[in-house]
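Undergrad: requesting a structural model of the entry that follows:
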Amino acid sequence: MARHGRIAAFAAAMVLGASGVSAQSAIDGSDPQAILDLARGFGSAALETDPVGDPLLQGRIDGNVYSVYFYGCEKNAGCDTILFSAIWDVESSSLDAVNDFNKNAIFGRAYVDDEGDYVVEITVNLAHGVSRANLDDTFVVWSDLMREFADFAANN
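TA: Residues are numbered from 1 along each chain as shown. The predicted structure is shown next:
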């Protein structure tokens, strides 16, 4: 391929790559059912609504209960952010231990809530959509994080 042809092919690839996720494969906050379908691949899950009418996913992975809250919604739809969240009700919590956990965590954040329980969360930006594979991978990361945090909560 001539130099001009390689440059044109490279430019075309950059334009296609820059366009992001195709509209057909993108998952965003306009279709909570698609997110529920992915969640069910990891355990039980149900789609509900929160007190203000926004979608709310309730699930369980390896016995650990979690919620996915939808934010940035307009009239309870078209949400642009989701927050995975799980709470561990513990006898006593250690802020120092949670800080150590956070120092070593690549994804997610952990904290001690007002009731002294451990909380772990991951925020996902869905504005403009993400690929199904990307969101599926986020569920893999979430599953791994919950297993790791369940072990942490049992030992700290």
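Undergrad: tell me which helix or strand T123 sits in.
TA: strand 118-125 (DSSP states H and E).
Undergrad: give me the contact list for that strand.
TA: Strand 118-125 has contacts (CB atoms under 8 Å, 6 or more residues apart in numbering) with 80-88, 90, 93, 98, 107-113, 130, 135, 138, 141-142, 145-146, 149, 152-153. In this view, the C-beta of every residue, glycine as well, is placed from N, C-alpha and C.
Undergrad: for this structure, which element, helix or strand, carries the lowest mean pLDDT?
TA: Lowest on mean pLDDT, DSSP states H and E among the helices and strands of the chain sits helix 3-18, with a mean of 39.
Undergrad: picking up where we left off before, any of the contacts of strand 118-125 buried? List them.
TA: 80, 82, 84, 86-88, 93, 98, 108, 110, 112, 130, 135, 138, 142, 145-146, 149, 152-153 (16 or more other CB atoms under 10 Å).
Undergrad: what about the contacts of strand 118-125, which are in strands?
TA: 81-88, 109-112, 130 (DSSP state E).
Undergrad: show me which pair in the residues you listed is furthest apart.
TA: Across these, no pair lies farther apart than V112 and V130, at 30.2 Å, counting by CB to CB.
Undergrad: right, I'll call it a day here.
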